[in-house]
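Colleague: any chance you could fold what I've pasted below:
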Amino acid sequence: MLLTKIERFLRETGMPWTKFGRLATHDPRFVQDLRNGRTPRTHTAKRVEHFMNEFRRNPHAA
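Modeller: Next up is the predicted model:
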């Protein structure tokens, strides 16, 4: 589940959820909306996964 992966990413990196939303989707409320039951589109979910993978490879690029 995408939210579970994001929550793990946030714990691992210490990144605030609002910053994650801004960087990954240009929406600071993205994570909160997921927590409240929002279902992202397939394209958005892939973009978020890609953001997390790239950030893990190079955390200083963000």
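Colleague: in whatever helix or strand H50 lives in, which residues are buried?
Modeller: Under the criterion of DSSP states H and E, H50 resides in helix 42-57. Neighbour counts over helix 42-57 (16 or more other Cβ atoms under 10 Å) mark 44, 48, 51-52, 55 as buried. Where C-beta positions appear, they are placed from N, C-alpha and C, glycine not excepted.
Colleague: show me the contact partners of the helix or strand harbouring R11.
Modeller: For R11, the host element (DSSP H and E) is helix 2-13. Residues from elsewhere that reach helix 2-13 (Cβ atoms under 8 Å, 6 or more residues apart in numbering): 15-17, 20, 31, 34-35, 40, 45, 48-49, 52, 55, 59.
Colleague: now do 7 Å
Modeller: 17, 20, 31, 34-35, 40, 45, 48, 52 (Cβ atoms under 7 Å, 6 or more residues apart in numbering).
Colleague: can you check stretch 42-49 too?
Modeller: Contacts for stretch 42-49 (Cβ under 7 Å, 6+ apart): 2, 6, 24-25.
Colleague: buried ones among those residues?
Modeller: Counted by 16+ other Cβ under 10 Å, the contacts of stretch 42-49 give 6, 24-25 as buried.
Colleague: can I get these in JSON lines including pLDDT?
Modeller: As requested, these are exported to JSON lines (pLDDT from 0 to 100):
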{"residue": "I6", "pLDDT": "98"}
{"residue": "A24", "pLDDT": "98"}
{"residue": "T25", "pLDDT": "98"}
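Colleague: against A61, how distant is the closest residue to L34 other than its chain neighbours?
Modeller: Of all residues beyond its chain neighbours, the one nearest L34 is L3 (4.7 Å), with distances taken as Cβ to Cβ, 6 or more residues apart in numbering. L3 is 24 Å from A61, where distance means Cβ to Cβ, to the nearest Å.
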